[in-house]
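Q: What follows is a protein structure lacking sequence information:
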């Protein structure tokens, strides 16, 4: 649930940032932000279910929630890095 809300916020964030710059397509950049976010979350989901991290992930509800929301946070950081690198305001 929170991941979808974060994805919408990232799309709006990239869209409004691209609107401020000449020659940038806001819809394209909104989609780029969402794709970067979801790819990072998906990669974290796969990595956190492998090996020793799987033991932490399934040990308790609190640790499982932390591991899940850590993926959301990593997705936000990845989107921020892409925005900072390629979509300077």
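A: That came in fine, so what should we check first? For clarity, every value in this text was computed on a predicted model and none was experimentally measured.
Q: Please, where are all the helices along the protein?
A: Taking DSSP state H, the helices of the chain run over residues 2-19, 26-48, 51-57, 61-86.
Q: Okay, now the unreliable bits of this structure?
A: 51-53, 56-58, 89 (pLDDT under 70).
Q: Near the residue nearest to residue 32 when sequence neighbours are not counted, how many residues? Count them for me, please.
A: Nearest residue to residue 32, sequence neighbours excluded (C-beta to C-beta, 6 or more residues apart in numbering): residue 14, at 6.5 Å. From N, CA and C alone the C-beta is placed, and that goes for glycine too. Look at residue 14: counted by other C-beta atoms under 10 Å, it has 26 neighbours.
Q: ok, now how distant is residue 14 from residue 62?
A: Residue 14 is 32 Å from residue 62, where distance means C-beta to C-beta, to the nearest Å.
Q: Could you tell me which residues make contact with residue 27?
A: By C-beta atoms under 8 Å, 6 or more residues apart in numbering, the contact set of residue 27 is residue 15.
Q: ok, now residue 39?
A: Residues in contact with residue 39 (C-beta under 8 Å, 6+ apart) are residue 78.
Q: Next, give phi and psi for residue 87.
A: Dihedral pair for residue 87: phi -130, psi 60, per degrees, to the nearest 10.
Q: Leaving out the residues flanking it, which one is nearest to it?
A: Nearest non-adjacent residue to residue 87, counting by C-beta to C-beta, 6+ apart: residue 17, 5.5 Å away.
Q: and what of residue 15?
A: Here the residue nearest residue 15, using C-beta to C-beta, 6+ apart, is residue 30, at 3.9 Å.
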